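1. What follows is a predicted structure for the sequence shown.
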Amino acid sequence: MPARLLLLLGLLALTGCRNKNEGAVKLTVSYSGFKPGCLRVSVRDAEGAGEERKTEFLPNKGDVTGGTVTVAAFREAGWSNSLTVKAEAFEKACTTESPPVATDTRTVTVDKDQIAEETLALAASDGDGDGYVSSSNPGGSDCDDAEPDVHPGAQELCNDRDDNCDKQQDEERFELGDLCDAPDGCQGAWACGTQGTRTCLANKTGQWHPDGDGDGDGARGPGMTACKPPAGYVANDFDCDDTNPRRNTKASELCNDVDDNCDDKKDEGLGLGNDCTGLAGCTGKLACATDGGTLCNSPTPTVLYPDNDQDTRGAADAGVTNCGPTRAGHVDNANDCDDTRANVYVGAPEICDGQDNDCDGTLDESFNVDGGCTGLGCTGVTACAADGGTQCNYVTQPSTYYPDDDLDEYGKQDAGVLTCAPDAGYILQAGDCNDGNPFTHATAAELCDREDNDCDGAAEAPGVCPSNPPVWSSTTLGDTSKDWYTVKEWGDGGFWIAGESGRRARMLPGETSFTYQNANCSANWYSLWVDEATGRLYLGGGSGKLGIQERDSSSCTVDPPAAGDSTTRGLVGRTLDGGGVEILGVGSNAGVSDGRAFGWDGGVANQTVTPVTGFPFLDAHGLATTPIFIVGGPVSTPRILQHIPPSDWKEVTVPTTGTNGLNAVWAVNPKLAFAVGENRTVLQWNGQTWSKHPVTLDKAATDEDLHGVIAFGGNALYVVSNKGNVFYFDGKTWEKAHTVSGKVLNDIAGTGPDNLWIVGSGGSITHWPQ
């Protein structure tokens, strides 16, 4: 029959004072595998109200393998209906020195006038029935739960065993290993006999062992045989570390992950990992302390405060003690002066809302309400905003301006800026879905260029392109053993091309094919420029040759050399008001190691030459509104000069890492230009500096050089190469738009992305679209 006790929460003598209407819990506490020396039962409000109540008693009934007791716990006035009940079993007495050997905790709901029932189960191991719990249980002290003669308090025998569980075996009183005089006159050592007593053993083979650390224990391993011990030797081999005097069979085992007492075990009998109770009843696991002892690594108890408005600040007058740093609905500070408003607490940022948010007795301080303000380039008066900040009520409301990088008078529609003072380059009209292409905006006509020109989300309609799908066309013109070097657009759709051995070809505005010309213009023509006003062709070639050809003529006039035997690689010019032209020519001397630049008025022998040593000039380009850029350099070193007529020459810094010499340049507007060259090098000008193009053209083909470039904007860029490739950049990625197999492509020109002409080796001429 189980024992039955009445638990009255620490008020055992005042049973008549209990108000049973508050409710109670009938607890059945069972224990199995052992018989506790003492039981402790406690109850507390699960939500922290009031104090914990507990009582301790001896379970007089039951046997060593288990039993049960029944107790009653009453709910206190003022507690919630959620109670936490706990039972703890101790090996002997209910003390704070040793942790319980078994614990069980439950949460029970108890309403007024209700008796709830709950069972708490306690289990531990006393396998040998000696009344001591196995040390594998928290709080247990039996170091050998299979042997009833081994437990704390047992007599220690000389038997190579820790009989009394004091973490030592065959303690010092047996003087094991100490010298003794044997009957035969030799010295021996005390050792354990067969009856648990000691005997003096002498003349044992190899009985003497070195004691290097002087702790009385000899080193393990082979020993020496002698009638008397040699100096520094002892009559045992107990030492597991003969270099450390703190490790020997007489040492106490410390909690340090080391076998201190040389029993081939570490930290044995210390209960590491067992459950334990620390400060304020907080539970944890036994662990090693820094001094070699043990400690309970239970959470540090903290005082927490309810945070009803969830602003991470707690109500100052409602703190509760808690195991660990967190508790649902609570925080670790008491800084809230109003726990019903999340934006009000001590030190809160004051917001502009007509309330005292930081509890300092002042409303909306530091907000300068009704004061003057500026914002978005506008002026106005400061007022509170709906989000608790301030807003500037503007005298004049700002407007949305959009960047127009491609100068097509339509701004980038997803980059509007609300302001009263827009930056240069911003306009009021949006509608540009590709601000790097002037042929793409809301009212643009659809072109055959694979782009959504009118920004309606659809590609060009049928009939816009000459074929569906559109393709490139490639043909040859003139002698296929000769090369075309240069092509330029002029007028409203006219083109001139020129090349090897005096070859030229002309396409007048409105025509669709070239008229080939090969007479009366002997030179290798590498560059040309066309006067927009007259259609007159100006040619630059090898051996210092310059040529002039009228719009409707089939022959040209070859002028005397411009500068000795230099080669002209680039021509760029402008038509002067009132007639006449002003042309800049660039190139290199015969050895191509030095550059040559000259001014030319379009007449005969009117050149002023400026030499630049160290590298050749290979191209020049600029507009009336931009500086003229001149590019070149050795194969391994890109070089760019900036020229503002008539005489301002300045070399500009260009990136050298990962780039190579430059072959061609194209200026789009004052803030945008491109230069291309060896090993697929592409550089970009932003109005201030040159840098690598932001999207790198794949360098897989390391021997591929870029010879020509044309750009209509940052997102409409075409380059041609010595491998016959045409590359296109649409603002996001580079793609190989076309390949003219077996040809070297030298130059590209066009009226727009729907009308491109490319010239190259073997008389090749390529057009987009067919």
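-> On my side now, so go ahead.

2. Give me the pLDDT for Gly206.
-> For Gly206, the pLDDT comes out at 74.

3. From Arg220, how far off is it?
-> Distance from Gly206 to Arg220, counting by Cβ to Cβ, to the nearest Å: 12 Å. C-beta coordinates here come from the backbone N, C-alpha and C atoms, glycine included.

4. More neighbours: which of those two?
-> When Gly206 and Arg220 are compared for neighbours, Arg220 comes out ahead with 15 against 12, by other Cβ atoms under 10 Å.

5. count of neighbours near the closest residue to the more buried one other than its chain neighbours?
-> Spatial nearest neighbour of Arg220, chain neighbours left out: Asp237 (4.9 Å); criterion: Cβ to Cβ, 6 or more residues apart in numbering. Asp237 has 20 neighbouring residues, counting by other Cβ under 10 Å.

6. Quick check: Asp237 vs Leu27, distance?
-> With Cβ to Cβ as the criterion, Asp237 and Leu27 are 57 Å apart.

7. Can you show me the strands along the stretch 1-150 of the chain?
-> Ranges of strands in the stretch 1-150 of the chain, per DSSP state E, counting those that start in this stretch, are 3-4, 24-32, 38-45, 53-57, 66-74, 82-90, 102-109, 115-123.

8. and if you look at the stretch 551-700 of the chain?
-> Going by DSSP E, counting those that start in this stretch, the stretch 551-700 of the chain shows strands at 557-559, 567-575, 581-588, 595-600, 607-612, 617-621, 628-632, 639-644, 648-652, 662-669, 672-677, 681-685, 690-692.

9. Any chance of a markdown table for these, columns distance to Thr249?
-> As requested, the strands of the stretch 551-700 of the chain are exported to a markdown table (distance: least, Cβ to Cβ, whole Å):
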| stretch | distance to Thr249 |
| --- | --- |
| strand 557-559 | 113 |
| strand 567-575 | 96 |
| strand 581-588 | 95 |
| strand 595-600 | 93 |
| strand 607-612 | 93 |
| strand 617-621 | 91 |
| strand 628-632 | 88 |
| strand 639-644 | 85 |
| strand 648-652 | 85 |
| strand 662-669 | 85 |
| strand 672-677 | 84 |
| strand 681-685 | 80 |
| strand 690-692 | 75 |
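
10. which of these has the lowest average pLDDT?
-> For these, mean pLDDT drops lowest on strand 607-612, to a mean of 72.

11. what pairs with it, and is each one parallel or antiparallel?
-> Note on strand 607-612: by DSSP bridges, its sheet partners are strand 595-600 (antiparallel).

12. How about residues contacting the partner strand?
-> Outside strand 595-600, the residues that touch it by Cβ atoms under 8 Å, 6 or more residues apart in numbering are 538, 546, 562-563, 566, 568, 573, 582-589, 606-617, 630, 632, 643, 645-646, 649.

13. so that strand versus strand 639-644, what angle?
-> Here the directions of strand 595-600 and strand 639-644 differ by 20 degrees (axes from the mean of the first three to the mean of the last three Cα atoms, to 10 degrees).

14. Strand 595-600 versus strand 581-588: what angle between them?
-> Using the same axes, to 10 degrees: strand 595-600 against strand 581-588 is 160 degrees.

15. hey, C-alpha coordinates of strand 595-600 in PDB?
-> Only the C-alpha atoms of strand 595-600 are listed here, as PDB (Å, rounded to 0.1, in the frame of the first residue of the first chain):
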ATOM      1  CA  GLY A 595      52.600  60.200 -84.500                       C
ATOM      2  CA  ARG A 596      51.800  63.000 -86.900                       C
ATOM      3  CA  ALA A 597      48.900  65.500 -86.700                       C
ATOM      4  CA  PHE A 598      48.200  68.200 -89.100                       C
ATOM      5  CA  GLY A 599      45.700  70.900 -89.800                       C
ATOM      6  CA  TRP A 600      44.300  71.200 -93.400                       C
END
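
16. that older thread, I'd like the strands of the stretch 1-150 of the chain laid out as JSON lines, including mean neighbour count, mean pLDDT and distance to Arg596.
-> Shown next, in JSON lines, are the strands of the stretch 1-150 of the chain (neighbours: other Cβ atoms under 10 Å; pLDDT from 0 to 100; distance: least, Cβ to Cβ, whole Å):
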{"stretch": "strand 3-4", "mean neighbour count": "14", "mean pLDDT": "32", "distance to Arg596": "117"}
{"stretch": "strand 24-32", "mean neighbour count": "20", "mean pLDDT": "92", "distance to Arg596": "106"}
{"stretch": "strand 38-45", "mean neighbour count": "21", "mean pLDDT": "92", "distance to Arg596": "98"}
{"stretch": "strand 53-57", "mean neighbour count": "18", "mean pLDDT": "88", "distance to Arg596": "105"}
{"stretch": "strand 66-74", "mean neighbour count": "21", "mean pLDDT": "88", "distance to Arg596": "107"}
{"stretch": "strand 82-90", "mean neighbour count": "22", "mean pLDDT": "92", "distance to Arg596": "97"}
{"stretch": "strand 102-109", "mean neighbour count": "17", "mean pLDDT": "92", "distance to Arg596": "96"}
{"stretch": "strand 115-123", "mean neighbour count": "16", "mean pLDDT": "92", "distance to Arg596": "101"}
